[in-house]
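1. Show me the folded form of this:
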Amino acid sequence: MTRNWRRGLFTALAAGATSIVACSSSCGTTLELTSQGGFAYVSSPDSKTVEIAMLKSTTGECTVPQLGAKLRVDDGRIVEPSGAGATFDPGGAVITFEGTGNNGVTLVGPGRPDTPRPDNPTTSDWHDLKWVPDTRPSYSSNPLNPNWRSKTDGRIVLTQGTLTAEPPSAPGAVVSTWKFKRTSDSTSFEQAITDKTHYSVHLSSNQVVINLVGARSSATPSRIVVEPLDKRRTVALTLIGTHDPNAPQIGVGDPLKDFCAFYELLLPVPPMSERLIPFFLGPYPQQTAPSTPPPGNGGSPGAYCPGDWP
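-> The predicted structure follows:
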(Lines give C-alpha, C1' and ligand atoms only; values in the text may rest on other atoms or scores of the structure.)
Protein backbone atom coordinates (compact mmCIF):
# COMPACT_ATOMS: atom_id res chain seq x y z
CA MET A 1 0.00 0.00 0.00
CA THR A 2 1.18 3.34 -0.79
CA ARG A 3 -0.77 6.91 -1.01
CA ASN A 4 -0.67 17.04 -0.82
CA TRP A 5 -0.93 19.96 2.20
CA ARG A 6 -1.09 23.54 1.82
CA ARG A 7 2.00 24.24 3.89
CA GLY A 8 3.97 21.71 1.89
CA LEU A 9 2.23 21.83 -1.48
CA PHE A 10 2.59 24.65 -3.96
CA THR A 11 2.26 25.07 -7.71
CA ALA A 12 4.80 22.87 -9.48
CA LEU A 13 7.69 24.89 -10.82
CA ALA A 14 9.87 24.10 -13.81
CA ALA A 15 13.57 23.55 -13.37
CA GLY A 16 14.33 26.64 -15.39
CA ALA A 17 12.29 29.01 -13.22
CA THR A 18 13.24 32.57 -12.41
CA SER A 19 16.22 33.69 -10.39
CA ILE A 20 16.48 33.46 -6.62
CA VAL A 21 16.33 36.38 -4.26
CA ALA A 22 19.83 37.15 -3.06
CA CYS A 23 20.51 35.95 0.45
CA SER A 24 23.47 35.76 2.77
CA SER A 25 24.72 32.40 4.00
CA SER A 26 22.91 32.93 7.28
CA CYS A 27 19.43 32.75 5.73
CA GLY A 28 19.12 29.00 5.57
CA THR A 29 16.28 27.04 3.99
CA THR A 30 13.12 25.38 5.27
CA LEU A 31 12.48 21.92 3.85
CA GLU A 32 8.87 20.74 3.81
CA LEU A 33 7.82 17.24 2.77
CA THR A 34 4.21 16.14 2.32
CA SER A 35 3.65 12.37 2.18
CA GLN A 36 0.38 11.13 0.76
CA GLY A 37 -0.26 7.41 0.64
CA GLY A 38 -0.23 4.12 2.47
CA PHE A 39 3.33 4.30 3.74
CA ALA A 40 4.74 2.56 6.81
CA TYR A 41 5.99 5.03 9.44
CA VAL A 42 8.68 3.40 11.54
CA SER A 43 9.91 5.29 14.59
CA SER A 44 13.16 4.33 16.32
CA PRO A 45 12.86 5.49 19.95
CA ASP A 46 16.59 5.21 20.64
CA SER A 47 17.67 7.52 17.84
CA LYS A 48 14.37 9.41 17.58
CA THR A 49 14.46 8.96 13.84
CA VAL A 50 11.46 8.20 11.62
CA GLU A 51 11.55 6.26 8.37
CA ILE A 52 8.76 6.62 5.82
CA ALA A 53 8.76 3.33 3.93
CA MET A 54 7.21 2.32 0.63
CA LEU A 55 6.05 -1.30 0.74
CA LYS A 56 6.81 -4.11 -1.68
CA SER A 57 4.03 -6.08 -3.34
CA THR A 58 2.73 -9.01 -1.31
CA THR A 59 1.19 -12.33 -2.35
CA GLY A 60 -0.75 -15.16 -0.77
CA GLU A 61 -3.68 -14.46 1.55
CA CYS A 62 -2.69 -10.79 1.56
CA THR A 63 -2.16 -10.01 -2.13
CA VAL A 64 -1.42 -6.32 -2.61
CA PRO A 65 0.23 -5.18 -5.84
CA GLN A 66 2.32 -2.08 -5.35
CA LEU A 67 2.31 0.47 -8.14
CA GLY A 68 5.15 2.58 -6.80
CA ALA A 69 5.43 6.21 -5.75
CA LYS A 70 6.64 9.57 -7.03
CA LEU A 71 8.87 12.16 -5.41
CA ARG A 72 8.03 15.62 -6.74
CA VAL A 73 9.62 19.04 -6.30
CA ASP A 74 6.63 21.36 -5.80
CA ASP A 75 8.43 24.52 -4.77
CA GLY A 76 12.05 25.25 -5.66
CA ARG A 77 14.51 25.39 -8.54
CA ILE A 78 16.40 22.21 -9.36
CA VAL A 79 20.04 23.11 -9.96
CA GLU A 80 21.36 19.54 -10.04
CA PRO A 81 21.03 17.55 -12.20
CA SER A 82 20.90 20.33 -14.79
CA GLY A 83 17.74 20.24 -16.89
CA ALA A 84 16.00 17.64 -14.70
CA GLY A 85 12.22 17.48 -14.54
CA ALA A 86 10.31 17.98 -11.29
CA THR A 87 9.24 14.34 -10.71
CA PHE A 88 11.39 11.34 -9.82
CA ASP A 89 10.87 7.60 -9.20
CA PRO A 90 12.09 6.86 -5.64
CA GLY A 91 11.50 3.11 -5.86
CA GLY A 92 14.20 1.12 -4.07
CA ALA A 93 16.08 4.20 -2.86
CA VAL A 94 17.18 5.13 0.64
CA ILE A 95 16.55 8.89 0.71
CA THR A 96 18.25 11.31 3.09
CA PHE A 97 18.57 15.08 3.33
CA GLU A 98 22.01 16.58 3.94
CA GLY A 99 22.45 18.88 6.92
CA THR A 100 19.28 17.98 8.82
CA GLY A 101 21.18 17.12 12.00
CA ASN A 102 20.55 14.19 14.33
CA ASN A 103 18.62 15.67 17.26
CA GLY A 104 15.61 13.51 16.54
CA VAL A 105 12.18 13.99 14.99
CA THR A 106 9.41 15.52 17.08
CA LEU A 107 6.20 13.54 16.63
CA VAL A 108 3.13 15.71 17.25
CA GLY A 109 0.26 13.84 18.93
CA PRO A 110 1.14 10.19 18.17
CA GLY A 111 -0.74 7.12 19.42
CA ARG A 112 -4.41 6.24 19.28
CA PRO A 113 -7.07 8.94 19.59
CA ASP A 114 -9.40 8.97 22.60
CA THR A 115 -12.25 10.28 20.43
CA PRO A 116 -13.33 8.78 17.08
CA ARG A 117 -12.62 11.89 15.02
CA PRO A 118 -11.30 15.47 15.19
CA ASP A 119 -13.65 17.85 17.01
CA ASN A 120 -13.90 19.94 13.86
CA PRO A 121 -12.71 17.91 10.87
CA THR A 122 -12.69 20.94 8.56
CA THR A 123 -9.94 22.68 10.56
CA SER A 124 -6.38 22.03 11.71
CA ASP A 125 -7.66 19.47 14.23
CA TRP A 126 -6.05 16.87 11.96
CA HIS A 127 -2.64 18.11 13.12
CA ASP A 128 -2.01 15.17 15.48
CA LEU A 129 -0.41 11.99 14.20
CA LYS A 130 -2.99 9.94 16.07
CA TRP A 131 -5.13 10.15 12.91
CA VAL A 132 -2.55 8.00 11.14
CA PRO A 133 -3.58 4.51 12.31
CA ASP A 134 -1.49 2.96 15.07
CA THR A 135 -2.16 -0.78 15.28
CA ARG A 136 0.85 -1.52 17.51
CA PRO A 137 -1.05 -1.63 20.85
CA SER A 138 -2.92 -4.73 19.62
CA TYR A 139 0.23 -6.61 18.54
CA SER A 140 2.59 -6.62 21.52
CA SER A 141 3.46 -10.25 20.74
CA ASN A 142 4.34 -9.43 17.14
CA PRO A 143 7.27 -6.98 17.20
CA LEU A 144 8.63 -5.31 14.13
CA ASN A 145 10.74 -7.73 12.09
CA PRO A 146 14.44 -6.77 12.56
CA ASN A 147 14.77 -7.21 8.79
CA TRP A 148 11.70 -5.10 7.98
CA ARG A 149 13.68 -2.87 5.59
CA SER A 150 14.15 -5.83 3.23
CA LYS A 151 10.38 -5.92 2.84
CA THR A 152 10.20 -2.31 1.65
CA ASP A 153 10.69 -0.71 -1.74
CA GLY A 154 12.62 2.31 -0.54
CA ARG A 155 12.33 4.74 2.35
CA ILE A 156 12.95 8.30 3.48
CA VAL A 157 15.06 8.63 6.63
CA LEU A 158 14.20 11.63 8.85
CA THR A 159 16.71 12.49 11.58
CA GLN A 160 15.55 15.92 12.80
CA GLY A 161 12.53 18.21 12.46
CA THR A 162 8.80 17.93 13.13
CA LEU A 163 6.25 15.47 11.78
CA THR A 164 2.51 16.17 11.90
CA ALA A 165 -0.63 14.82 10.25
CA GLU A 166 -2.78 16.63 7.70
CA PRO A 167 -6.44 16.28 6.63
CA PRO A 168 -7.11 13.32 4.30
CA SER A 169 -7.04 13.81 0.54
CA ALA A 170 -10.42 12.13 -0.07
CA PRO A 171 -13.40 14.43 0.77
CA GLY A 172 -15.41 11.47 2.05
CA ALA A 173 -12.71 10.58 4.56
CA VAL A 174 -12.67 14.09 6.05
CA VAL A 175 -16.12 13.64 7.60
CA SER A 176 -16.08 9.88 8.15
CA THR A 177 -14.77 7.22 10.51
CA TRP A 178 -13.62 3.62 10.17
CA LYS A 179 -13.94 0.57 12.37
CA PHE A 180 -10.83 -1.58 12.75
CA LYS A 181 -11.73 -5.18 13.50
CA ARG A 182 -10.60 -8.77 12.98
CA THR A 183 -12.35 -12.11 12.83
CA SER A 184 -10.16 -13.90 15.40
CA ASP A 185 -11.67 -12.06 18.40
CA SER A 186 -13.75 -9.04 19.41
CA THR A 187 -10.86 -6.55 19.37
CA SER A 188 -11.93 -3.37 17.56
CA PHE A 189 -11.70 0.41 17.62
CA GLU A 190 -13.26 3.26 15.66
CA GLN A 191 -11.49 6.34 14.38
CA ALA A 192 -11.09 8.80 11.54
CA ILE A 193 -7.96 8.22 9.47
CA THR A 194 -5.77 10.29 7.19
CA ASP A 195 -3.42 9.40 4.36
CA LYS A 196 -1.26 12.53 4.69
CA THR A 197 1.59 13.74 6.87
CA HIS A 198 3.75 16.86 6.85
CA TYR A 199 7.45 17.05 7.74
CA SER A 200 9.34 20.29 8.29
CA VAL A 201 12.94 21.08 9.17
CA HIS A 202 15.12 24.20 8.95
CA LEU A 203 18.53 23.82 7.32
CA SER A 204 21.46 26.20 7.67
CA SER A 205 22.31 25.71 4.00
CA ASN A 206 20.84 27.83 1.21
CA GLN A 207 19.86 24.73 -0.76
CA VAL A 208 18.37 21.31 -0.10
CA VAL A 209 20.52 18.33 -1.05
CA ILE A 210 18.58 15.09 -1.52
CA ASN A 211 20.59 11.86 -1.64
CA LEU A 212 18.97 8.79 -3.23
CA VAL A 213 21.01 5.62 -2.79
CA GLY A 214 20.01 2.43 -4.61
CA ALA A 215 17.14 3.73 -6.74
CA ARG A 216 15.78 1.03 -9.01
CA SER A 217 15.28 3.34 -12.00
CA SER A 218 18.40 4.31 -13.92
CA ALA A 219 16.69 7.62 -14.67
CA THR A 220 16.63 8.56 -10.99
CA PRO A 221 19.67 10.63 -10.00
CA SER A 222 21.62 9.76 -6.88
CA ARG A 223 21.74 13.44 -5.88
CA ILE A 224 19.21 16.24 -6.35
CA VAL A 225 19.98 19.82 -5.33
CA VAL A 226 17.10 22.30 -4.99
CA GLU A 227 17.23 26.01 -4.18
CA PRO A 228 14.34 28.12 -2.88
CA LEU A 229 12.80 30.55 -5.35
CA ASP A 230 11.98 33.57 -3.22
CA LYS A 231 12.41 35.21 0.19
CA ARG A 232 10.24 32.58 1.89
CA ARG A 233 13.34 30.38 1.64
CA THR A 234 11.26 27.20 1.37
CA VAL A 235 11.73 24.05 -0.69
CA ALA A 236 8.63 21.84 -0.80
CA LEU A 237 8.53 18.19 -1.83
CA THR A 238 5.72 15.66 -2.12
CA LEU A 239 5.98 11.89 -1.83
CA ILE A 240 2.81 10.44 -3.32
CA GLY A 241 1.80 6.82 -3.72
CA THR A 242 0.48 5.65 -7.09
CA HIS A 243 -2.84 3.86 -7.27
CA ASP A 244 -5.04 2.40 -9.97
CA PRO A 245 -7.81 4.92 -10.78
CA ASN A 246 -9.96 2.02 -11.96
CA ALA A 247 -9.74 0.16 -8.64
CA PRO A 248 -13.06 -0.77 -6.95
CA GLN A 249 -14.85 2.00 -5.09
CA ILE A 250 -15.02 1.92 -1.29
CA GLY A 251 -18.58 2.18 0.03
CA VAL A 252 -20.12 2.20 3.49
CA GLY A 253 -19.44 -1.15 5.16
CA ASP A 254 -16.59 -2.10 2.83
CA PRO A 255 -13.16 -3.16 4.13
CA LEU A 256 -9.92 -1.52 3.08
CA LYS A 257 -8.40 -4.89 2.27
CA ASP A 258 -4.98 -3.63 1.22
CA PHE A 259 -4.29 -2.51 4.78
CA CYS A 260 -3.30 -6.14 5.42
CA ALA A 261 0.10 -5.45 3.83
CA PHE A 262 1.39 -3.54 6.88
CA TYR A 263 1.30 -6.72 8.98
CA GLU A 264 3.86 -8.33 6.66
CA LEU A 265 6.48 -6.25 8.51
CA LEU A 266 5.80 -7.97 11.85
CA LEU A 267 7.41 -11.09 13.29
CA PRO A 268 5.78 -13.47 13.33
CA VAL A 269 3.44 -12.28 10.59
CA PRO A 270 -0.06 -12.69 12.04
CA PRO A 271 -2.54 -14.81 10.07
CA MET A 272 -5.21 -12.93 8.14
CA SER A 273 -7.83 -13.66 10.79
CA GLU A 274 -5.74 -11.77 13.35
CA ARG A 275 -5.11 -8.63 11.29
CA LEU A 276 -7.11 -5.53 12.18
CA ILE A 277 -8.63 -4.20 8.96
CA PRO A 278 -10.48 -0.84 8.65
CA PHE A 279 -14.11 -0.94 7.49
CA PHE A 280 -15.68 2.27 6.18
CA LEU A 281 -18.47 3.52 8.47
CA GLY A 282 -19.38 6.60 6.46
CA PRO A 283 -20.04 10.11 7.83
CA TYR A 284 -19.76 10.60 11.55
CA PRO A 285 -23.29 10.91 13.06
CA GLN A 286 -22.74 14.39 14.53
CA GLN A 287 -21.12 15.73 11.38
CA THR A 288 -23.24 17.69 8.93
CA ALA A 289 -22.51 15.95 5.65
CA PRO A 290 -24.24 14.22 2.73
CA SER A 291 -25.70 10.84 3.64
CA THR A 292 -23.31 9.24 1.17
CA PRO A 293 -19.88 10.87 0.94
CA PRO A 294 -17.98 11.13 -2.35
CA PRO A 295 -16.61 7.63 -2.91
CA GLY A 296 -12.89 6.92 -2.99
CA ASN A 297 -11.02 4.22 -4.83
CA GLY A 298 -9.81 1.18 -3.01
CA GLY A 299 -6.90 -0.80 -4.36
CA SER A 300 -3.25 0.06 -4.02
CA PRO A 301 -3.09 2.43 -2.36
CA GLY A 302 -6.46 3.96 -3.10
CA ALA A 303 -7.72 7.41 -2.25
CA TYR A 304 -8.59 6.37 1.32
CA CYS A 305 -5.51 4.29 2.04
CA PRO A 306 -3.73 5.55 5.16
CA GLY A 307 -0.30 4.86 6.52
CA ASP A 308 0.38 2.83 9.63
CA TRP A 309 2.87 2.68 12.53
CA PRO A 310 3.95 -1.00 12.42
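
2. Helix or strand for residue 202, just tell me which one.
-> Taking DSSP states H and E as the criterion, residue 202 maps to strand 196-203.

3. From the contact counts, what lies against that strand?
-> strand 29-36, strand 160-166 (3 or more CB pairs under 8 Å, 6 or more residues apart in numbering; DSSP states H and E). Just so you know, the C-beta spots here come from the backbone N, C-alpha and C atoms, and that holds for glycine as well.

4. I'd like to know which elements the first one is packed against.
-> Which is strand 29-36. Using 3+ CB pairs under 8 Å, 6+ apart, the elements in contact with strand 29-36 are strand 196-203, strand 234-241.

5. Check which element follows the first one along the chain.
-> Counting by DSSP H and E, the element after strand 196-203 in chain order, helix or strand, is strand 208-213.

6. mean confidence for that following strand?
-> Strand 208-213 shows a mean pLDDT of 98.

7. coming back round to it: just put the helices and strands packed on strand 196-203 in CSV and tack on distance to residue 238 and mean neighbour count.
-> Shown next, in CSV, are the helices and strands packed on strand 196-203 (distance: least, CB to CB, whole Å; neighbours: other CB atoms under 10 Å):
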stretch, distance to residue 238, mean neighbour count
strand 29-36, 5, 24
strand 160-166, 11, 21
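
8. how about these in a markdown table, adding distance to residue 63 and mean pLDDT?
-> Output for the helices and strands packed on strand 196-203, formatted as a markdown table (distance: least, CB to CB, whole Å; pLDDT from 0 to 100):
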| stretch | distance to residue 63 | mean pLDDT |
| --- | --- | --- |
| strand 29-36 | 23 | 97 |
| strand 160-166 | 29 | 96 |
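
9. Could I get these in JSON lines, plus columns for distance to residue 124?
-> Converted to JSON lines, those look like this (distance: least, CB to CB, whole Å):
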{"stretch": "strand 29-36", "distance to residue 124": "15"}
{"stretch": "strand 160-166", "distance to residue 124": "9"}
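
10. so which of these gets nearest residue 284?
-> Ranking the helices and strands packed on strand 196-203 by proximity to residue 284 (CB to CB) places strand 160-166 first, at 17.2 Å.

11. Does anything pack onto the closest one? Which helices or strands?
-> Contact here means 3+ CB pairs under 8 Å, 6+ apart; on that basis strand 160-166 packs against strand 104-107, strand 196-203.

12. Need the winner for burial among these.
-> Mean neighbour count (mean count of other CB atoms under 10 Å) peaks for strand 196-203 among the helices and strands packed on strand 160-166, with a mean of 22.

13. and that strand, which strands flank it?
-> strand 29-36 (antiparallel), strand 160-166 (antiparallel) (DSSP bridges).

14. coming back round to it: could you provide the helices and strands packed on strand 160-166 in TSV, with additional columns for distance to residue 92 and mean pLDDT?
-> Shown next, in TSV, are the helices and strands packed on strand 160-166 (distance: least, CB to CB, whole Å; pLDDT from 0 to 100):
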stretch	distance to residue 92	mean pLDDT
strand 104-107	23	96
strand 196-203	21	97
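
15. Could you pull out the helices in this protein for me?
-> Under the criterion DSSP state H, the chain contains helices at 171-174.

16. ok, now how distant is the spatially most central residue of it from residue 27?
-> Nearest residue to the geometric centre of the chain (CA atoms, centre = their mean): residue 35, 3.7 Å. Distance, residue 35 to residue 27, using CB to CB, to the nearest Å: 26 Å.

17. What of residue 237?
-> Distance, residue 237 to residue 27, using CB to CB: 19 Å.

18. Which one's more surrounded, those two?
-> Counted by other CB atoms under 10 Å, residue 237 and residue 27 do not tie: residue 237 has more neighbours, with 27 against 14.

19. List the beta-bridge partners for that one.
-> Following DSSP bridges, residue 237 is listed with bridge partners residue 33, residue 73.

20. so what's it scoring on pLDDT?
-> 98.

21. Please verify my assumption that it contacts residue 86.
-> No: Residue 237 is beyond contact range of residue 86, at 9.9 Å (criterion: CB atoms under 8 Å).

22. Mutual contacts of these two, please.
-> Listed contacts common to residue 237 and residue 86 are 72, 73, 74; contacts here mean CB atoms under 8 Å, 6 or more residues apart in numbering.
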